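J.: Need a 3D model of the sequence below.
(one chain, ligands or ions: 1)
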Amino acid sequence: MDIPYIKCHGSDNDFIMIDERKLEESLTDEDRKEVALLLSDRLEGIGSDGILYVLSSSKAEVCMRMFNSDGSEAEMCGNGLRCVARYIIEETGKEKVHIETAKAVLPVERVSDIYEGIATFSVAIEPVSFSASSLPMEAESEQVVDTVLRDLTEDQTFTALSVPNPHIVSVVTELDEEVLENIGKKANNSPHLFPNGVNVSFVRKIDDNKIFVQTYERGVGLTNACGTAMSASSIVSVIVAGNNPDLPVTVMNKGGMVQCIVHDNEEYKVELQGNATYVYEAEVRVDISTQSFEESPHHVHTEENERYSELREFAKTEGGL
Ligand SMILES: N[C@@H](CCC[C@H](N)C(=O)O)C(=O)O
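T.: Residues are numbered from 1 along each chain as shown. So this is what the prediction gives:
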């Protein structure tokens with residue numbers, strides 16, 4: 001099967017975007033899983049944190065489905081949704097479109113540049129729930145807010161929420177990547193606690209409405225950034241670290257930066273704003289039965305990648321890396 005794709009990223013959380021509407025054969029869920037496992041592999045494949053599948057929709061311009069690099073499907077992907085948003089906004093020529101995701105039809109639009117010369121897209125992150133059952137998470141109380149999770153640590157507190165994929169977030173003074181990785185692995189090997197796994201984030205407050213976030217992602221491991229995690233972390237920073245709702249929270253990460261505007265009216269909602277950078281475009285011939293693939297030459301988006309490098313350097317300094 002020949003599959004044209006765009007290698008893209010949001011804050012260096014990188015994806016292979018496949019427009020299924022352009023394929024000659026339709027994909028089954030088993031195909032989507034196999035393609036994710038084969039192509040996402042960093043050593044033997046193309047390498048990515050996951051695959052974004054773009055499908056037709058009867059409810060919106062298109063539907064996005066996201067498969068992690070381990071072949072599991074996620075309910076939502078914030079950085080990926082910005083890439084799909086760009087793709088559809090450029091395709092339709094509209095300023096604002098809607099994209100169907102597993103749990104909601106979400107508005108997405110182009111907004112003013114987050115950094116000079118970086119085309120920036122805003123996506124809605126919702127529905128948000130603090131109910132433990134929404135993750136799902138086995139807990140003694142219906143909500144887990146700033147609470148020590150004794151199965152994972154002795155003294156570190158976490159807040160659990162779904163946005164709508166599952167997250168636990170801890171506000172820390174020093175961010176230790178090794179501790180994060182250990183807790184992330186433990187949480188994802190604790191089906192009695194998190195039957196569907198969980199994304200684990202550490203948040204360090206840099207200043208008022210400015211945080212640094214790193215995440216151990218379910219189905220992937222440590223990544224440069226996770227859009228839903230940065231949205232969940234911004235909400236948690238409003239609740240437990242004194243950040244202000246309705247004003248942008250600048251979120252630095254290992255791959256760049258985004259802005260999250262947290263709205264806490266009747267329900268929590270987040271506007272996640274950041275880059276949607278195309279690295280290159282190519283076509284891959286995949287043979288699922290032999291687990292093999294062959295790639296065409298890449299059409300590299302040199303100029304926008306150079307511009308993104310500037311943002312990455314700026315973010316490193318601002319994030320104290
Ligand atoms: N990196 C993504 C989230 C991808 C899914 C996540 N690993 C999960 O399984 O929930 C993002 O930008 O939100």
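
J.: and whichever helix or strand F202 is part of, is it in reach of the ligand?
T.: Per DSSP states H and E: F202 is located in strand 199-207. Yes: Strand 199-207 is in contact with the ligand by CB under 6 Å from any ligand atom, via N199. (C-beta placed from N, C-alpha, C; glycine too.)

J.: Could you check how far stretch 293-300 is from the centre of its chain?
T.: On the basis of CA atoms, centre = their mean, to the nearest Å, stretch 293-300 is displaced by 25 Å from the centre of the chain it belongs to.

J.: average pLDDT across that stretch?
T.: For stretch 293-300, mean pLDDT rounds to 98.

J.: Pass me the low-pLDDT residue ranges in the stretch 1-150 of the chain, would you?
T.: The stretch 1-150 of the chain contains no residues with pLDDT under 70.

J.: Near the ligand, which residues of it are found?
T.: Residues of the stretch 1-150 of the chain lying near the ligand (CB under 6 Å from any ligand atom): 13, 66, 68, 74, 77-80.

J.: Let's see that with 8 Å instead.
T.: 10, 13, 49-50, 66, 68, 72, 74-81 (CB under 8 Å from any ligand atom).

J.: now, which of those residues sits nearest I88?
T.: L81 (10.3 Å; CB to CB).

J.: Test my guess that L135 contacts N199.
T.: No: using CB atoms under 8 Å, L135 makes no contact with N199, being 9.8 Å away.

J.: List the residues that are in contact with both of the two.
T.: Common neighbours of L135 and N199, counting by CB atoms under 8 Å, 6 or more residues apart in numbering, are 166-167.

J.: got the residues of the stretch 151-300 of the chain near the ligand?
T.: 165-167, 197, 199, 215, 217-220, 223, 225-231.

J.: Can you select the buried ones from these in PyMOL?
T.: In PyMOL, a selection of the buried entries from those looks like this (16 or more other CB atoms under 10 Å):
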select buried, resi 165+166+167+197+199+215+217+218+219+220+223+225+226+227+228+229+230+231
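
J.: Which helix or strand contains F67?
T.: Here F67 is assigned to strand 62-68, by DSSP H and E.

J.: What are the contacting residues of the following helix or strand past that strand?
T.: Elements were assigned by DSSP H and E; along the chain past strand 62-68, the next helix or strand is strand 73-74. With CB under 8 Å, 6+ apart as the test, strand 73-74 has contacts from 29, 32-33, 50, 65-68, 102, 165, 218-219.

J.: just to revisit the earlier point, and the strand holding F67, how far out from the chain middle?
T.: Its chain's average C-alpha position is 11 Å from that of strand 62-68, according to CA atoms, centre = their mean.

J.: Quick check: N265 vs the ligand, distance?
T.: Between N265 and the ligand the computed distance is 23 Å (CB to the nearest ligand atom, to the nearest Å).

J.: What score does that residue have for pLDDT?
T.: The model's pLDDT for N265 equals 92.

J.: got it, and the one 5 residues further on?
T.: Among the per-residue scores, V270 shows a pLDDT of 98.

J.: swap in G319?
T.: 86.

J.: Who are the contact partners of T92?
T.: E61.

J.: buried set for the helix or strand E294 falls within?
T.: Per DSSP H and E: E294 is located in strand 292-295. Neighbour-count burial for strand 292-295, counted by 16+ other CB under 10 Å, picks out F293.

J.: starting at the chain centroid, how far to the strand with the most length in the chain?
T.: Determined from DSSP state E, the single longest strand within the chain is strand 277-287. In terms of CA atoms, centre = their mean, the centre of strand 277-287 is set 20 Å apart from its chain centre.

J.: follow-up on the earlier one: sitting in strands, which of the residues of the stretch 151-300 of the chain next to the ligand do you find?
T.: Short answer: these in strands (DSSP E) are 166-167, 199, 215, 217, 223.
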